[in-house]
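J.: Prediction below, plus the sequence it came from.
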Amino acid sequence: MAEKAKGRYRADVQVNVLESFELRSRRSIREAEKARLSRAERRHAKKLAKRDAEFFAAQKAEGANGSAYVVRAARKVPFYARRPFRNTVTMSIASGLFATFALPAYAYNPDVAAMSRFTTTNAQELAASEGTQNLTVAAVNTVKFSRGLYESADAAEIARQETLNQYRMYDGPTAADFIENPPYSKLDGATILKVAAKYVGTPYVFGGETPRGFDCSGYVAFVFAQFGIALPHSVHTQARMGIIVKPEDAMPGDLVIMNDMSHDGIYAGNGNFYHAPRPGDTVKLAPIFTSNVHFVRLGTK
């Protein structure tokens, strides 16, 4: 019976004394080399080893496409994808949104809306409404001055602001007061023109209906209120309050209505009429400036 071989075995292969010595020598050399590395060096070496392992693993995976061991250039990041740029853009957008939400919504001036009795801010509804006249009117804005911030303002703008301030301070009788207690009981042309002439020089104010400021229909309504006739503050509706007369039959005291319902006044005879023309102007006696008009008679004179 054969005698078993003596000694150490690895995978059924006997390791002789020289191989054992060589293995121990290599292990000793590695341990000594590792001991000489500082803590920082070991960390750096570990990082490099991990990076190399990832690189070669990726190259091996791509070997089937013929791109193994091809060193690619570092990807250049566009400036707009860099973190500082993205942070700056994000903060700018956030600031813009915050400023937008903080701004007040644009709307009609409350004072103008109150004077004109607006119930809507839709332009088409305003044009068709009986509560206003069909005129193009500039927006009324208040001139604001703050300490240290000065802007030039022309004389016309300052005068307009003064007119509005005077209009707001009016505390005299209104058209509604005259309707309840009219000072004139007889409606005749001469008396109507006399009352209308009292307000010549009154400044034009959009939506105005007092002696501190009139627009065209507000002026007509205020004059006829003193005869006990209640007229709405609207050219459209005033045109339907009486009967239409022929131009040759028109008499002083009749209403002069533009055919497009944009303006009206009080006929004074001889082709003239009293009216409140436009912003920047005043109530005046002037020639009827167009032939596209018709005449309306209120009551009996």
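T.: Noted; the coordinates are in hand. Treat the numbers as computed from the prediction; the structure is a model and nothing was measured.

J.: for the record, mean pLDDT for the helix or strand containing Val195?
T.: Per DSSP states H and E, Val195 falls inside helix 189-197. Averaging pLDDT along helix 189-197 gives 95.

J.: Likewise for stretch 275-290?
T.: Averaging pLDDT along stretch 275-290 yields 94.

J.: Can you list the low-confidence ranges for the stretch 201-301 of the chain?
T.: In the predicted model, the stretch 201-301 of the chain carries pLDDT under 70 at residues 300-301.

J.: counting contacts, what elements does the helix or strand that comes right after the helix holding Val195 pack onto?
T.: Reading on from helix 189-197 to the C-terminus, the next helix or strand found by DSSP H and E is strand 209-210. Helices and strands touching strand 209-210, by 3 or more Cβ pairs under 8 Å, 6 or more residues apart in numbering; DSSP states H and E, are helix 216-225. The C-beta positions use only the backbone N, C-alpha and C, and glycine is treated the same way.

J.: and the angle from the helix it packs on to helix 189-197?
T.: 130 degrees (axes from the mean of the first three to the mean of the last three Cα atoms, to 10 degrees).

J.: What are the contacting residues of helix 216-225?
T.: Contacts with helix 216-225, where a contact means Cβ atoms under 8 Å, 6 or more residues apart in numbering, come from 133, 135, 175-176, 178-179, 182, 192, 195-196, 199, 202, 207-211, 214, 231-235, 238, 255, 263-266, 274-277, 283, 298.

J.: Now the buried members of these.
T.: Those of the contacts of helix 216-225 that meet the buried threshold are 133, 135, 175, 178-179, 192, 195-196, 199, 202, 207-211, 214, 231, 233-235, 238, 255, 263-266, 274-277, 283, 298, by 16 or more other Cβ atoms under 10 Å.

J.: What would the helix ranked longest in the chain look like as PDB? C-alpha coordinates only.
T.: With DSSP state H setting the assignment, residue counts place helix 39-61 as the longest helix in the chain. Taking C-alpha atoms only, helix 39-61 is exported to PDB below (Å, rounded to 0.1, in the frame of the first residue of the first chain):
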ATOM      1  CA  ARG A  39      -3.200  57.600   7.000                       C
ATOM      2  CA  ALA A  40      -3.600  60.300   4.300                       C
ATOM      3  CA  GLU A  41      -1.700  58.300   1.800                       C
ATOM      4  CA  ARG A  42      -3.800  55.200   2.400                       C
ATOM      5  CA  ARG A  43      -6.900  57.200   1.900                       C
ATOM      6  CA  HIS A  44      -5.600  58.700  -1.300                       C
ATOM      7  CA  ALA A  45      -4.400  55.400  -2.600                       C
ATOM      8  CA  LYS A  46      -7.800  53.800  -1.800                       C
ATOM      9  CA  LYS A  47      -9.600  56.600  -3.800                       C
ATOM     10  CA  LEU A  48      -7.300  56.200  -6.800                       C
ATOM     11  CA  ALA A  49      -7.800  52.400  -6.700                       C
ATOM     12  CA  LYS A  50     -11.600  52.800  -6.700                       C
ATOM     13  CA  ARG A  51     -11.500  55.200  -9.500                       C
ATOM     14  CA  ASP A  52      -9.300  52.900 -11.600                       C
ATOM     15  CA  ALA A  53     -11.600  50.000 -10.900                       C
ATOM     16  CA  GLU A  54     -14.600  51.900 -12.000                       C
ATOM     17  CA  PHE A  55     -12.900  53.100 -15.200                       C
ATOM     18  CA  PHE A  56     -11.700  49.700 -16.200                       C
ATOM     19  CA  ALA A  57     -15.000  48.100 -15.400                       C
ATOM     20  CA  ALA A  58     -16.700  50.700 -17.700                       C
ATOM     21  CA  GLN A  59     -14.100  50.000 -20.400                       C
ATOM     22  CA  LYS A  60     -14.700  46.300 -20.100                       C
ATOM     23  CA  ALA A  61     -18.400  46.700 -20.400                       C
END
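
J.: Identify each buried residue in the next helix or strand after it, please.
T.: Following the chain from helix 39-61 toward its C-terminal end, the next helix or strand by DSSP H and E is helix 83-102. Within helix 83-102, not a single residue qualifies as buried, counting by 16+ other Cβ under 10 Å.

J.: List the contacts of Thr202.
T.: In this structure, Thr202 makes contact with Pro211, Arg212, Gly213, Phe214, Tyr219, Ala276, Thr282, Val283, judged by Cβ under 8 Å, 6+ apart.
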